[in-house]
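Asker: turn this into a structure:
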Amino acid sequence: MPKRVRTAVFPVAGLGTRFLPATKALPKEMLTVVDRPLIQYAVEEAREAGIEHFVFVTGRNKGVIEDHFDRQFELETTLEVRGKTAALNELRKDLPSAGRTSFTRQQEPLGLGHAVWCARDIVGDNPFALLLPDMLFKGEPGVLRQMMDAYEETGGNVIAVEEVPEQDVSAYGVIARGDGPDSGFKITGMVEKPKREDAPSNLIISGRYILQPEVFTLLADQPRGAGGEIQITDAMQTLMQTQNFTGVKYQGQSFDCGSKIGFLTANVVYALDRDDIRDGFVKELRKLDLGDQL
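Answerer: Next up is the predicted model:
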């Protein structure tokens, strides 16, 4: 039986330059899909998968994330006085229990691998989940829960993957697929942003990982890779020489909310899935009479 995964790491130190000027003062992870911040969706996905400790790797101007996962007594008191019980209960439901969150600072923007390394002392000698909040997943059960099911069978390291058109592989980390079903197959290799003709498959790494703590040792001495940053993919390639890696071709839909198109698409899809606003939203869309624009 593999060691249980109790901790999740959320790298939230990025500058969000693709969403300027909105992200000049507001962290990109706090941009909302309908009425919930992106980081809240990632935390809820982790909680559904059984995660008990939530570690946020932050940077400058990210204090609002810490505030979001804290109680706001003035707001709660106002809601209680005004009889807004449903809203109050929703706020309290979203909060992790006391002592379940930790925050550490990435002082320099040295890449995802460096951000993960910054969480080493909090995670300790334990396996952990890594969730990139830019990637929003809609699935039942959640993607991390699907990965946990595979991990309980195989142990080792687990990566969520999805298919993309072959002409798009050069924008992603790509894995080589070995034997096994979609719910859990052996990964035999991986490469970061290969040329189309060099890609081992059209299965890309999609922002959800379960990793063993030995990755921290590798990241400590990891040379800078693509973009002059410390890349998690480079460390995983080394770790693959001694540990198993399992791929999960997850069931669900992904939205790259680090891009404006993905973010806008997510808002439409999630709004249409909400019983309380779907009909009104559809009515307003029909009023737009977009015609040839669609």
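Asker: show me the contacts for the closest residue in space to A22 that isn't next to it in sequence.
Answerer: Among residues not flanking A22 along the chain, L31 sits closest, at 6.9 Å (Cβ to Cβ, 6 or more residues apart in numbering). Using the backbone N, CA and C atoms, a C-beta is placed for each residue, glycine as well. Applying Cβ atoms under 8 Å, 6 or more residues apart in numbering to L31 gives the contacts 16, 19, 22-23, 37-38, 257, 263.
Asker: filter these down to the buried ones.
Answerer: Buried by 16 or more other Cβ atoms under 10 Å: 16, 19, 23, 37-38, 257, 263, out of the contacts of L31.
Asker: mind listing which of these are in helices?
Answerer: 38, 263 (DSSP state H).
Asker: reformat the buried ones among the contacts of L31 as a markdown table; add distance to G83 and pLDDT.
Answerer: Below are those laid out as a markdown table (distance: Cβ to Cβ, whole Å; pLDDT from 0 to 100):
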| residue | distance to G83 | pLDDT |
| --- | --- | --- |
| G16 | 37 | 82 |
| F19 | 36 | 89 |
| T23 | 35 | 88 |
| P37 | 26 | 95 |
| L38 | 30 | 96 |
| C257 | 34 | 95 |
| F263 | 34 | 96 |
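Asker: would you list the buried ones among the contacts of L31 in CSV and tack on distance to I277?
Answerer: Output for these, formatted as CSV (distance: Cβ to Cβ, whole Å):
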residue, distance to I277
G16, 26
F19, 23
T23, 25
P37, 17
L38, 19
C257, 19
F263, 18
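Asker: and the helix or strand hosting A129, which strands flank it?
Answerer: Per DSSP states H and E, A129 falls inside strand 128-131. Applying DSSP bridges, strand 128-131 is found paired with strand 7-11 (parallel), strand 203-211 (antiparallel).
Asker: reformat these into JSON lines and put distance to V158, mean neighbour count and mean pLDDT next to each item.
Answerer: JSON lines is the format used below for those (distance: least, Cβ to Cβ, whole Å; neighbours: other Cβ atoms under 10 Å; pLDDT from 0 to 100):
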{"stretch": "strand 7-11", "distance to V158": "13", "mean neighbour count": "25", "mean pLDDT": "96"}
{"stretch": "strand 203-211", "distance to V158": "4", "mean neighbour count": "24", "mean pLDDT": "94"}
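Asker: what's the closest of those to A49?
Answerer: For the strands paired with strand 128-131, distance to A49 was read as Cβ to Cβ. The smallest value, 8.1 Å, belongs to strand 7-11.
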